[in-house]
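>>> structure of the sequence below:
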Amino acid sequence: MPSDFRLFPADTKGEDLSNPYCVYSYDCKTDGANLIDVPTAYYKQKRGHKSWYQGLRYAANNNCAKKSSKVQSFNTVNASVTRGITENSCTTTTCPASLDVNGDLSLIDGTGKYHWGINSNGTCYPIMNSYMGAYLCDPDNSDARCASPRNSTTPKSNAMDPFNYQMDAISSNWPIHLGAYTDYLVYQLEWVTGKNGYVRWMLAGNPLFEVTADSFSNVPQNSNSSNPQKVMLEEPMSLIFNVALSSSWGTKPPNAGGACRGDGSDETVNKICDEFPMLMKIDYIRLYQDQGDDLDADNYMQVGCDPSSHPTKEWIQGHIDEYQDNDNLVTEVIGKAFCETNSDCTVGGNYAKTDLITESSSSKATTRVYGPPILLAFGVAAVAVFFHIDEYQDNDNLVTEVIGKAFCETNSDCTVGGNYAKTDLIT
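I've put the predicted structure just below:
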């Protein structure tokens, strides 16, 4: 979105000089720099129109312990939002729990007693993310909005064609309960394309955050209608699962730049440092596809890397300049193409599956595997190694047999005796 629809920047050379990152703690002194459309009258006076995306949906994580001070009433909050927020910040009684005064406040899925955006139980609640996207530029760009604009004394590098691009980051931050550190949690993501589409993030089947196609397409406008309308994301994407700490998000280790524990006198610091390195353990990842016959005509959901409705390979080849530059040319590599047709990937009539296990998981061994029967595969591998052993040693460097990590403790673990093999990746 253009600057005219984004959060007012904090005055880091004036009122917020001593607190330049106040936007992340919602305590900026600059008017309008804490939350979108807060104060309501200030934004209306300066712009005459709403800002950012409208109708985003937030819901509680009710696994957290209840705090009476966080309990909200829909009637109270709805009345406050309707009147307009007068202060430069939010409270439990004036704003939705999400801190998004433009968020949806209707009943969740149109039923029951709980409303989007209202913390009726006083539990953990996702809040609107203050980070709204970076402004991307080429290295020679002098636009003040660029992260590192080129100054007048620096010669141009001509590394690439000039460009300016404002990214929009739509997300929420939600507190996690203790159970996430002691057991596995089930997260879900629903992604539906089309004009009635949406992306919904869930925990154990309960919604946490949702972005609808309507939020993308029905955006606020100024007198020049300069705010681009968008459609629900439908291009092929990949899933990335990671965990990280970032100082950009206000997370720093104790005694940054030195020993984590410092002099070891602070017991709280010691306990934090004892937990490093931290791991995110994933038990399983499953992908589902709605193959019903009642889908909307513009619902293009498909599982695959080159779907027929959106031929990814053809698109990349036809727009190769968007995927490479002179310093990073596209290089074709041979991947692990285990299958070319469904029948290649099937054993006994079922689709193949590879298990990725990072900790203890289900005790049931998979009955599906890529490739030929396991005993045949082992036999071929043994013959290949036997006939080519001379390629891996000479008289000065003979092959030495070592004992590695045994992934199996019993024959049944290794699925010998008629069962298909399963390979575990254990971290």
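>>> chain neighbours aside, what residue packs nearest to residue 12?
Distances taken as C-beta to C-beta, 6 or more residues apart in numbering put residue 20 closest to residue 12, at 4.3 Å, once the chain neighbours are dropped. All C-beta spots, glycine's among them, are computed from the backbone N, C-alpha and C.
>>> and the pLDDT at that neighbour?
Looking at residue 20, its pLDDT is 91.
>>> and if you look at residue 232?
On the pLDDT scale, residue 232 gets 90.
>>> shouldn't residue 76 be in contact with residue 93?
Yes: between residue 76 and residue 93 there is a contact at 5.5 Å, judged by C-beta atoms under 8 Å.
>>> quick one: the helices in the stretch 151-300 of the chain, in order.
With helices called from DSSP state H, counting those that start in this stretch, the stretch 151-300 of the chain shows them at 179-182, 213-217, 267-274.
>>> what helices and strands are in contact with the longest one?
For helix 267-274, the contact count by 3 or more C-beta pairs under 8 Å, 6 or more residues apart in numbering; DSSP states H and E identifies no helix or strand as a packing neighbour.
>>> now stretch 293-308, how far from the centre of its chain.
Remark: stretch 293-308 is offset 22 Å from the chain centroid, using C-alpha atoms, centre = their mean, to the nearest Å.
>>> for it, list every residue counted as buried.
If you call a residue buried by 16 or more other C-beta atoms under 10 Å, then stretch 293-308 has these buried ones: 299-301.
>>> and for stretch 140-153?
Judged by neighbour count (16+ other C-beta under 10 Å), stretch 140-153 contains these buried residues: 140-141, 146, 150.
>>> put the alpha carbons of it into CSV.
Only the C-alpha atoms of stretch 140-153 are listed here, as CSV (Å, rounded to 0.1, in the frame of the first residue of the first chain):
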residue,chain,number,x,y,z
ASP,A,140,21.5,2.7,-7.0
ASN,A,141,18.1,4.0,-5.8
SER,A,142,18.2,7.3,-3.9
ASP,A,143,14.5,7.2,-2.6
ALA,A,144,14.5,8.1,1.1
ARG,A,145,12.2,5.2,1.8
CYS,A,146,14.9,2.6,0.8
ALA,A,147,16.7,0.9,3.6
SER,A,148,20.1,2.2,2.3
PRO,A,149,19.5,4.9,-0.3
ARG,A,150,22.4,5.9,-2.5
ASN,A,151,23.8,9.3,-1.6
SER,A,152,24.8,11.9,-4.2
THR,A,153,28.6,11.2,-3.7
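>>> hmm, who's touching that stretch?
3, 134-137, 139, 156-159, 162-164, 166 (C-beta atoms under 8 Å, 6 or more residues apart in numbering).
>>> thinking again about what came up before, how many residues are close by the residue nearest to residue 12?
The number of residues packed near residue 20 is 12, by other C-beta atoms under 10 Å.
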